[in-house]
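A.B. asks: Provided below for reference: sequence and predicted model.
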Amino acid sequence: MVAEILARLNVSPGQVVCDGTVGGAGHAIELIRRLNGKGTFIGLDRDPGMTERARIRIEAGETGGGNARLVLRTARYGELPEILAEEGLKGADAVLLDIGINSIQVDDAARGFSFSKEGPLDGRYNPSEPGTRPVSELVNTEEEENLSRWIREYSDERFARKIAKRIVERRTERPFETTTDLAETVVACYPPAKRHLKPHPATRTFQALRIAANNELHHVEAGIRACIESLNPGGALCVISYHSGEDRIAKRLFDEFGSPRSDPSNMYSATTWEGVDYRVESRGAAKPGAEEVALNPRARSARLRTIRRQEASE
Ligand SMILES: C[S@@+](CC[C@H](N)C(=O)[O-])C[C@H]1O[C@@H](n2cnc3c(N)ncnc32)[C@H](O)[C@@H]1O
């Protein structure tokens, strides 16, 4: 969906552009190229390792050169308003959020995101960020009720109750320390005939506990709101999500900002566009085409939504 995202953001030289989830800098490079050496690019990532990786790739010159100002920070995209203010900027003309986790993070066993590689049971984007808790702390100390709710609500895992119960039983024998230890406990909760199916039975539980460890849905909600409010007139925000709960938050916030308001002074029409600063572009979320899914199966669940702040004169 890269071409579609670039078309919707429609970046031109001199603008202020933000990639709030800069990750491996794939999208960032394309956005910076379109600044053509003029303007400001702000790249944010909650994970200091990813911000550093993006810096190396961008500074290696894959962006076509030029003198666009580069601001790369380890921060959550919800901090965009403060970062704009620190940089002396009023707002952003284009913001991209490609929400979730990067395969680079999953592939690094030491981060504790992967159920298939043995590593410490951590699962945080930034272990030194206040307010986050490693997955090991959640599974070793949280009440069964909370574990069950997270696993069910954050990943629709049908065996959530059984998995939570088994986690609590197992931790009394010895605490969980590694990713594979937790994965084995989860797999044992599945009926034998389903233990070898794809996706791996631990996929959903690991996703749910990562979301809980990083308090992700709270930050998605606060972050999308902050990015919408940071747009300059005419500016657009694109949100790509891979998780239905995150897409629901994007949809609800876009509807909140972009819906016609009721007009108490007009007794004939209940709603009006007056005073509404934002328009939701396109009905429903855009999905990747079959060709893209064949090349990148992970793209199958991607949903793209766009909201635009209206020009002052609109
Ligand atoms: C799917 S990747 C982005 C990939 C990127 N678009 C690229 O082209 O390589 C998502 C990134 O978002 C980061 N992330 C997750 N939550 C975040 C948040 N609240 N604020 C900023 N970055 C976040 C993750 O660390 C990860 O690097």
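C.D. replies: That came in fine, so what should we check first?

A.B. asks: Work out the sheet partners of the top strand by length along the chain and label each with its direction, please.
C.D. replies: Secondary structure assigned by DSSP state E gives strand 231-241 as the longest strand of the chain. Take DSSP bridges as the rule and strand 231-241 pairs in its sheet with strand 92-98 (parallel), strand 303-309 (antiparallel).

A.B. asks: Looking at those strands, which one is packed in the most?
C.D. replies: Counting by mean count of other Cβ atoms under 10 Å, strand 92-98 has the highest mean neighbour count of those, with a mean of 25. C-beta here means a position set from N, CA and C on the backbone, and glycine is covered the same way.

A.B. asks: Centre of the chain to that one, how far?
C.D. replies: Remark: strand 92-98 is offset 12 Å from the chain centroid, using Cα atoms, centre = their mean, to the nearest Å.

A.B. asks: can you tell me which helix or strand the residue of the stretch 201-314 of the chain found nearest the ligand belongs to?
C.D. replies: As assessed by Cβ to the nearest ligand atom, the ligand sits closest to residue 219 within the stretch 201-314 of the chain, at 4.3 Å. According to DSSP states H and E, residue 219 maps onto helix 216-229.

A.B. asks: And for that helix, what's in contact with it?
C.D. replies: Contact with helix 216-229 is made by 18, 20, 46, 76-81, 92, 95, 97, 99, 154, 210-211, 237, 239, 241, 245-246, 249-250, 253-254, 257, 278, 307, 309, as judged by Cβ atoms under 8 Å, 6 or more residues apart in numbering.

A.B. asks: correct me, but residue 129 touches residue 48?
C.D. replies: No - using Cβ atoms under 8 Å, residue 129 is not in contact with residue 48; the gap is 9.3 Å.

A.B. asks: So which bits of the stretch 51-200 of the chain are right by the ligand?
C.D. replies: Selection of the stretch 51-200 of the chain residues close to the ligand by Cβ under 6 Å from any ligand atom yields 76, 77, 98, 100, 101, 102, 125.

A.B. asks: How many residues are close by the last one?
C.D. replies: Yep, that's residue 125 we're talking about. Neighbour count of residue 125, defined by other Cβ atoms under 10 Å: 25.

A.B. asks: Just give the nearest non-adjacent residue to residue 293, would you?
C.D. replies: Sequence neighbours aside, residue 300 is the residue nearest to residue 293 in space, at 4.9 Å (criterion: Cβ to Cβ, 6 or more residues apart in numbering).

A.B. asks: before we move on, back to that, mean pLDDT added to the strands paired with strand 231-241, as a markdown table?
C.D. replies: As requested, those are exported to a markdown table (pLDDT from 0 to 100):
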| stretch | mean pLDDT |
| --- | --- |
| strand 92-98 | 98 |
| strand 303-309 | 96 |
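
A.B. asks: Switch those strands over to CSV; also include distance to residue 203.
C.D. replies: Shown next, in CSV, are the strands paired with strand 231-241 (distance: least, Cβ to Cβ, whole Å):
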stretch, distance to residue 203
strand 92-98, 20
strand 303-309, 19
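
A.B. asks: Relative to residue 180, how far out is residue 106?
C.D. replies: Going from residue 106 to residue 180 by Cβ to Cβ, to the nearest Å gives 14 Å.

A.B. asks: One more: residue 306?
C.D. replies: Per Cβ to Cβ, residue 306 is found 40 Å from residue 180.

A.B. asks: Residue 159 now?
C.D. replies: 19 Å.

A.B. asks: With residue 217 instead?
C.D. replies: Using Cβ to Cβ, residue 217 is found at 27 Å from residue 180.

A.B. asks: now residue 10
C.D. replies: Using Cβ to Cβ, residue 10 is found at 46 Å from residue 180.

A.B. asks: And for residue 195?
C.D. replies: For residue 195, the distance to residue 180 equals 15 Å [Cβ to Cβ].

A.B. asks: re earlier: contacts for the longest strand of the chain, please.
C.D. replies: Defining contact as Cβ under 8 Å, 6+ apart, one finds that strand 231-241 is touched by 1, 5, 8-10, 16, 90-100, 220, 224, 227-228, 247, 250, 278, 281, 302-312.

A.B. asks: what distance separates that strand from the middle of the whole chain?
C.D. replies: 15 Å.

A.B. asks: Mind checking if the very next helix or strand once past it is in reach of the ligand?
C.D. replies: Elements were assigned by DSSP H and E; along the chain past strand 231-241, the next helix or strand is helix 244-258. No - judged by Cβ under 6 Å from any ligand atom, helix 244-258 and the ligand are separated, with a smallest distance of 9.9 Å.

A.B. asks: Give me the secondary structure label for the nearest residue to residue 132 once chain neighbours are set aside.
C.D. replies: Excluding the flanking residues, the one nearest residue 132 by Cβ to Cβ, 6+ apart is residue 124, at 4.7 Å. Three-state call for residue 124 (DSSP: H, G, I helix; E, B strand; the rest coil): coil.
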